[in-house]
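A.B. asks: mind folding the following:
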Amino acid sequence: MNTTKLKHKLTTKAIPIIFLLLASIYITLDTLHTPNNGRHLTSTSHTFHLPTNPPDDDTIIPLPLRLPPDQIRYATFGTSHTWGAGYGTGSLAERKTYVYPWLLSPNATNFAIRAGGPNYPATCTSTMMMGGEEEAVWDVVVFEFFMRAQDVLATLARRVRERFPDALLIFLLNWNPKMIHRCLDGEECTETQGVFDYVEERGLDLHNGGIHDEKVHALFRGGEGEEDNETFRFGQFADVDKLKVVFDVAKDVGGYVAPMPSPDNPRDWLNYAHMFATDIHHFSPDGHREIHDRVQSIVDWHGVPLHPRIQPFQEFDYCMNWFESGDTTGISYSSNGVVEKMPRTAKYTLSFGDVAGLGWDGEKGDGWIKKKGDGWIRVENPTDRVLVLYLGYMTTGPKPSLYPATQVFIESIDSDGSVHSSGYDKENPIVLDPNTSIEWPGAVHISRIENVGVIHPGYSFVRFSQLEETERPFRLVSLMITTEELGAQMDNHLPGGTEN
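C.D. replies: Predicted coordinates for the structure are as follows:
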């Protein structure tokens, strides 16, 4: 692509002054060095990119050495925005027609998880990115975690860079109208009011398509009267601490930051209304097209190499999550185990039924299974190290939970036949708390992840015993086997949203 044309295209986008200030801070620092990841940077090159006047960067791939555009392999990590929520039916076939990963390439791999931050992919990076293919390669990896960047985005980015030292890593900074606030005390702006409340206070509604209501538009356009004197500010999008997290991560891994175009005056956000879905939180097809253009501009400018390197992941992880798919390949479970959708949802769980339904009398059959709710799964630790097992299961709130407290026992069997057991200590039993780990003003139904102990190399039986009778059976939705260091990065609830 012609560099002059590219620069002109990029400089026509409006960028908040906060990004330019932050960029100037980074540029003037004499510490723009990255870890030894194969990306040499001189004192005049930068580990990030702003869509204004791209700097000369000695990591740019010469044209003869670039992979052709139609062969570039894209991967994206992100939230419900990158997943494609908020518009249409949500079907995969429909999302592939307008969501930005598939606009970049119809063969893109979209690792986005609804209602999730970077914690799960940071813990399960190798499981997600290898997918059973030792030589799976990605040339461009996009991260969309601005609002959750403090939640171990750095770990995720470092693990991706560790595996793909030559990949182009791009970090999106996106905003939406919910981030805009009205200042109640003028320019001081120490007290604010959310844009939804501001509109509702005037008898209008931003929900249900109000983003296209001419009366709503008139509120922000101003004119004669008090509305013309209102001051509006960006909240999180102008939060220097949040921005610094993303810039620091990009600098650390030799990545590029791509801020979304935005108005100089936040009250002019309606000029960008076409980019948002009717919930004014997620993106419309136009919004996804803009993200595509933003990412594509960096890819066209920088390029990716014909023959990228692949390095081993330094930390092992093995993660299974059948919450969305119902696929439990990789584990086996007792014959009273049932994988099925929860009522009125599209989410799958594994629960353990009544032994009577299998013709057992409580003493015959499995031997371990004595009553309804007892069951087991068998998992494998394929390494030669002792690793930590995390389990994801359903919980509700407020107390008392609709699910039972459930005790866990682990029996690891080494290759020499020796057995290592845990959970049998009556003084310190392993009991899964059925109450949600988060506080919510109303009823909540969400999964929770807990460290239940270690598993030794080889096969392990993980046994479950319900401790009480409740409205719903114990429901298991995921497991993760990894090092304690990586496991510590895990949030204590599984991404994917709440279910009723």
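
A.B. asks: mind giving me the packing neighbours of the helix of greatest length in the chain?
C.D. replies: For the chain, the longest helix by residue count, based on DSSP state H, is helix 285-302. When contacts are defined as 3 or more C-beta pairs under 8 Å, 6 or more residues apart in numbering; DSSP states H and E, helix 285-302 sits against helix 3-11, helix 100-104, strand 140-144, strand 168-173, strand 256-259. Quick note: C-beta positions are derived from backbone N, CA and C, even for glycine.

A.B. asks: could you dump the third one to CSV, C-alpha only?
C.D. replies: This means strand 140-144. Extracted as CSV, the C-alpha positions of strand 140-144 are listed here (Å, rounded to 0.1, in the frame of the first residue of the first chain):
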residue,chain,number,x,y,z
VAL,A,140,-2.2,-11.2,13.5
VAL,A,141,-3.7,-11.4,17.0
VAL,A,142,-6.2,-8.7,18.1
PHE,A,143,-7.1,-8.1,21.8
GLU,A,144,-10.3,-6.3,22.8
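
A.B. asks: and it, what does it pack against?
C.D. replies: Looks like strand 140-144 contacts strand 74-78, helix 80-83, helix 153-163, strand 168-173, helix 285-302 (3+ C-beta pairs under 8 Å, 6+ apart).

A.B. asks: buried ones in whichever strand or helix holds residue 445, by neighbour count?
C.D. replies: Secondary structure from DSSP states H and E places residue 445 in strand 444-455. Across strand 444-455, burial judged by 16 or more other C-beta atoms under 10 Å covers 444, 445, 446, 447, 448, 449, 450, 451, 452, 453, 454, 455.

A.B. asks: ok, stretch 466-482 next?
C.D. replies: Residues 466, 470, 472-482 are the ones in stretch 466-482 that count as buried (16+ other C-beta under 10 Å).

A.B. asks: and the furthest pair within those?
C.D. replies: Farthest apart among the buried residues of stretch 466-482 by C-beta to C-beta are 470 and 482. That separation is 30.3 Å.

A.B. asks: in the chain, which spans are helices?
C.D. replies: Remark: helices assigned in the chain by DSSP H are 3-11, 17-28, 80-83, 92-95, 100-104, 119-123, 125-130, 153-163, 195-201, 214-221, 240-253, 285-302, 484-487.

A.B. asks: same question for the second one, mean pLDDT?
C.D. replies: Okay, so that is helix 17-28. For helix 17-28, mean pLDDT is 37.

A.B. asks: with mean neighbour count added, can I get the helices and strands packed on strand 140-144 in a markdown table?
C.D. replies: Output for these, formatted as a markdown table (neighbours: other C-beta atoms under 10 Å):
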| stretch | mean neighbour count |
| --- | --- |
| strand 74-78 | 26 |
| helix 80-83 | 23 |
| helix 153-163 | 23 |
| strand 168-173 | 24 |
| helix 285-302 | 19 |
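
A.B. asks: can you tell which of these is closest to residue 415?
C.D. replies: Nearest of the helices and strands packed on strand 140-144 (C-beta to C-beta): helix 153-163, 29.0 Å.

A.B. asks: endpoint to endpoint, stretch 194-207 covers what distance?
C.D. replies: With C-alpha to C-alpha, to the nearest Å applied, stretch 194-207 spans 13 Å between its terminal residues.

A.B. asks: what is the mean pLDDT for it?
C.D. replies: The model assigns stretch 194-207 a mean pLDDT of 85.

A.B. asks: for stretch 181-188, give the mean pLDDT please.
C.D. replies: For stretch 181-188, mean pLDDT rounds to 82.

A.B. asks: what are the buried residues along that stretch?
C.D. replies: 181, 182, 183.

A.B. asks: next, format the helices of the chain as JSON lines and append distance to residue 320.
C.D. replies: JSON lines is the format used below for those (distance: least, C-beta to C-beta, whole Å):
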{"stretch": "helix 3-11", "distance to residue 320": "42"}
{"stretch": "helix 17-28", "distance to residue 320": "40"}
{"stretch": "helix 80-83", "distance to residue 320": "20"}
{"stretch": "helix 92-95", "distance to residue 320": "21"}
{"stretch": "helix 100-104", "distance to residue 320": "23"}
{"stretch": "helix 119-123", "distance to residue 320": "12"}
{"stretch": "helix 125-130", "distance to residue 320": "8"}
{"stretch": "helix 153-163", "distance to residue 320": "19"}
{"stretch": "helix 195-201", "distance to residue 320": "39"}
{"stretch": "helix 214-221", "distance to residue 320": "46"}
{"stretch": "helix 240-253", "distance to residue 320": "28"}
{"stretch": "helix 285-302", "distance to residue 320": "30"}
{"stretch": "helix 484-487", "distance to residue 320": "15"}
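
A.B. asks: nearest to residue 261, of those helices?
C.D. replies: When the helices of the chain are compared by C-beta to C-beta, helix 285-302 sits nearest residue 261, at 7.0 Å.
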